[in-house]
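**Student:** Make a model of this:
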Amino acid sequence: MNKPAEVTAEEKELVFQRSMIYRQAEKDLQGAKDGKGECAAKAAHKEARQKWRDATDRVAKKYVVPRREPP
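**Tutor:** Below is the predicted model:
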């Protein structure tokens, strides 16, 4: 049987860092609802979300399980 791929410490750290940056961007976006800097906060939030998704997708690719056909 094939041993499942292990997530490296580097990958875990990357996902953790990206998630923390994304959370901070969400907080900044909530604080920018007053109109000042809202466009910049939205752009930073969108970029942080995309980087977080890319990092999690990179790790998730190791765990793709082939689909089974129903009987």
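
**Student:** now the helices: where do they sit in this protein?
**Tutor:** 9-31, 38-60 (DSSP state H).

**Student:** May I see those helices organised as JSON lines, with mean neighbour count and mean pLDDT added?
**Tutor:** Glycine gets a C-beta too; all of them are placed from N, C-alpha and C. Converted to JSON lines, the helices of the chain look like this (neighbours: other C-beta atoms under 10 Å; pLDDT from 0 to 100):
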{"stretch": "helix 9-31", "mean neighbour count": "14", "mean pLDDT": "85"}
{"stretch": "helix 38-60", "mean neighbour count": "15", "mean pLDDT": "85"}
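
**Student:** who are the neighbours in contact with the closest residue to residue 21 other than its chain neighbours?
**Tutor:** With sequence-adjacent residues excluded and distances taken as C-beta to C-beta, 6 or more residues apart in numbering, residue 21 is closest to residue 48, at 5.0 Å. Taking C-beta atoms under 8 Å, 6 or more residues apart in numbering, we find residue 48 in contact with 18, 21-22, 24-25.

**Student:** let's see it at 6 Å
**Tutor:** 21-22, 25 (C-beta atoms under 6 Å, 6 or more residues apart in numbering).

**Student:** In terms of distance to residue 40, which of these ranks first?
**Tutor:** residue 25 (10.7 Å; C-beta to C-beta).

**Student:** is it true that that closest one touches residue 44?
**Tutor:** Yes - Residue 25 is within contact range of residue 44, at 5.2 Å (criterion: C-beta atoms under 6 Å).

**Student:** center of the chain - which residue?
**Tutor:** Residue closest to the average C-alpha location in the chain (C-alpha atoms, centre = their mean): residue 52, at 2.2 Å.

**Student:** which residues make contact with stretch 53-62 from outside it?
**Tutor:** Contacting residues not belonging to stretch 53-62 are listed as 5, 7, 11, 14-15, 18 [C-beta under 6 Å, 6+ apart].

**Student:** can we see that at 10 Å?
**Tutor:** 4-8, 11-19, 21-22 (C-beta atoms under 10 Å, 6 or more residues apart in numbering).

**Student:** Residue 40: which of those residues is nearest?
**Tutor:** Nearest to residue 40 among those, with distances taken as C-beta to C-beta, is residue 21, at 15.2 Å.
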